[in-house]
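Enquirer: Next input, structure requested:
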Amino acid sequence: TLIYYHLAMTQILVASPIKKKITKELKAECKLLKERNVTPFLKVILVGHDPASVVYTTNKKKFCEKVGAKCEIIELPETISEKDFINVLNDINKDKNVHGCIIQLPLPLQLTHLDVGTLINKDKDVDGFHPENLYSILRGQYTPLDFVSCTPKGIITLLKAYEIPLAGKNVVIIGRSMIVGKPLSMLLTNENATVTLAHSKTENLKELTKKADIIVCALGKANFLDRSFLNSSNNQIVIDVGINKDGEGNMFGDANYSDIFDHVQAITPVPGGIGPMTIVSLVQNLLQAAKKEISI
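Expert: The predicted model follows:
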């Protein structure tokens, strides 16, 4: 069973049992692809040596290799010119052996103006940032040729695995990034939820969150969501996307876990909640890209 209960009956929405099940499926799919002479191949572009980025890219590589796919981390110098950076991406876009490519963010200052979503071919955009992939979410119709953004996809997968109903539910998302907030608002709308996309300019945020059935924190502020944002029903669900670290390397979500734990119906932990689901979604997208070579 996927349900873990605390004494106060708060459900902890851990990723591990879902990840375990999907990993098994991905291994089987990868084996089938290899039998057809297709080895799913991901290239990860890492510019500079941001410690968090190094950890994230290493985790992606490990999970790719665990299911039988190939992953190469291309390490580029922090000082790389825009022209050289574009050339590296163009080579990957042309390489028929590479099925997926992602650019690890953040990028150094001289590259921050680039629209990352348009630099990788739509067919290799396993991060789901290409305008055409985003439009497929907007129109609410996906084909095997479309990729859904990894973190939003992982959130929906987790909610469905725990059989949390979405249709007709009132969802407040705090954070309007192109990586999480905006695509997630569209995905949840497609699931017939009523979505409010809140942000730094939102007035009366607590009034909105108190009316929500589900609150998604994706703003990048440690322990931001405390008990004062909740109503007294104890039946709200909190999805915490935040990954924040202190000087000692301790990890915190955007929700104040200890403060709200006994006042919600369910909550995702940090770490062990949405983070693993993001990597699972990435590899699901990679295998989807590899399948385009053949009909399975």
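
Enquirer: where does this structure have its least confident helix or strand?
Expert: The helix or strand with the lowest mean pLDDT-type score in the chain, counting by mean pLDDT, DSSP states H and E, is strand 244-245 (a mean of 88).

Enquirer: Summarise which helices and strands the helix or strand harbouring F85 is packed against.
Expert: Taking DSSP states H and E as the criterion, F85 maps to helix 82-94. If contacts are counted by 3 or more CB pairs under 8 Å, 6 or more residues apart in numbering; DSSP states H and E, helix 82-94 sits against strand 41-47, strand 70-76, strand 100-103. Quick note: C-beta positions are derived from backbone N, CA and C, even for glycine.

Enquirer: Surely F147 touches A289?
Expert: Yes. Assessed by CB atoms under 8 Å, F147 is found in contact with A289 at 7.4 Å.

Enquirer: Could you pull out the strands in the stretch 151-296 of the chain for me?
Expert: Along the stretch 151-296 of the chain, counting by DSSP state E, counting those that start in this stretch, strands occupy 170-174, 194-198, 214-217, 237-240, 244-245, 251-252, 266-267.

Enquirer: winner for burial among those?
Expert: strand 214-217 (a mean of 28; mean count of other CB atoms under 10 Å).

Enquirer: and that strand, which strands flank it?
Expert: According to DSSP bridges, strand 214-217 forms sheet pairs with strand 170-174 (parallel), strand 237-240 (parallel).

Enquirer: what sits against L134?
Expert: 117, 128, 149, 183 (CB atoms under 8 Å, 6 or more residues apart in numbering).

Enquirer: So what would you say the end-to-end distance of stretch 123-140 is?
Expert: 19 Å (CA to CA, to the nearest Å).

Enquirer: Which positions within that stretch qualify as buried?
Expert: 123-130, 133-134, 136-137 (16 or more other CB atoms under 10 Å).

Enquirer: Most widely separated two among these?
Expert: Using CB to CB, the buried residues of stretch 123-140 span at most 17.9 Å, a distance reached by K124 and I137.

Enquirer: on that earlier part again, what's the overlap in contacts for F147 and A289?
Expert: V126.

Enquirer: quick one, helices of this structure?
Expert: Assigned by DSSP state H, the helices in the chain fall at 16-35, 51-67, 82-94, 116-119, 131-139, 150-161, 181-190, 205-210, 257-260, 274-291.

Enquirer: Figure out which of the ones you listed is closest to G242.
Expert: Using CB to CB, the helices of the chain put helix 274-291 closest to G242, at 8.9 Å.
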